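Asks: Please find the sequence and the predicted model below.
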Amino acid sequence: MSKREIVAISDHIDGEDMGFLVYEVAREFTNAYAQLMAPLGLTRPQARVLACVTRFPGITQADLCEYIGVGRMAMSGLIDRMESKDLVSRSEDSSDKRIKRVFLTRNARKLIPDMQVIAHRLYSKSMASLNAKDLQTTKRVLGKIKGNLQDLTSDS
């Protein structure tokens, strides 16, 4: 086997390892997020919906599906449960009655400061051993990988 073939094989293995590592980091991040939000009485999807609606008040239910990464039926059930807990409210769009917009309730707005403290703790703890240069490089590299994957899937 030539040196070039060995390098190509090791590059392939490293790429696979990177994919597994990114997946495992995302899974650990997700698990930690869920565990830290549980004392607030929130599931991970509920906390993500609240975070999204905080950033984008009146977001459509369809856009929430895209952001959270769930189907329309799952989102409808999630929003139903959150409405029953008085965390969100839905209202019809003024220009198109088929569109439902989602808003935070007063009860949800009371949870946001605690959610922000938890999110800050999660991010600061997960990045604690990284210096600013490493973090900047990691963000840049992950951004390039994401762009490459988007290019790959848009070509299909």
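Replies: Alright, I've got the coordinates.

Asks: Helices of the chain, start to end?
Replies: In order along the chain, the chain carries the following helices (DSSP state H): 3-37, 44-55, 61-68, 72-84, 106-126, 132-155.

Asks: helices and strands around the last one, which ones?
Replies: Helix 132-155 is packed against helix 3-37, with contacts defined by 3 or more CB pairs under 8 Å, 6 or more residues apart in numbering; DSSP states H and E. (C-beta placed from N, C-alpha, C; glycine too.)

Asks: Report the mean per-residue pLDDT for the helix it packs on.
Replies: Across helix 3-37, pLDDT averages out at 75.

Asks: one step back: burial-wise, tell me which of the helices of the chain comes out on top.
Replies: Of all the helices of the chain, helix 44-55 has the most neighbours on average by mean count of other CB atoms under 10 Å, namely a mean of 19.

Asks: Now do that helix: which elements does it pack against?
Replies: So helix 44-55, by 3+ CB pairs under 8 Å, 6+ apart, packs with helix 3-37, helix 61-68, helix 72-84, strand 88-92, strand 100-104, helix 106-126.

Asks: Note down every partner strand of the fifth one and its orientation.
Replies: Strands that pair with strand 100-104, judged by DSSP bridges, come out as strand 59-60 (antiparallel), strand 88-92 (antiparallel).

Asks: Show the average pLDDT along the longest one.
Replies: Confidence over strand 88-92 (mean pLDDT, whole number) is 95.
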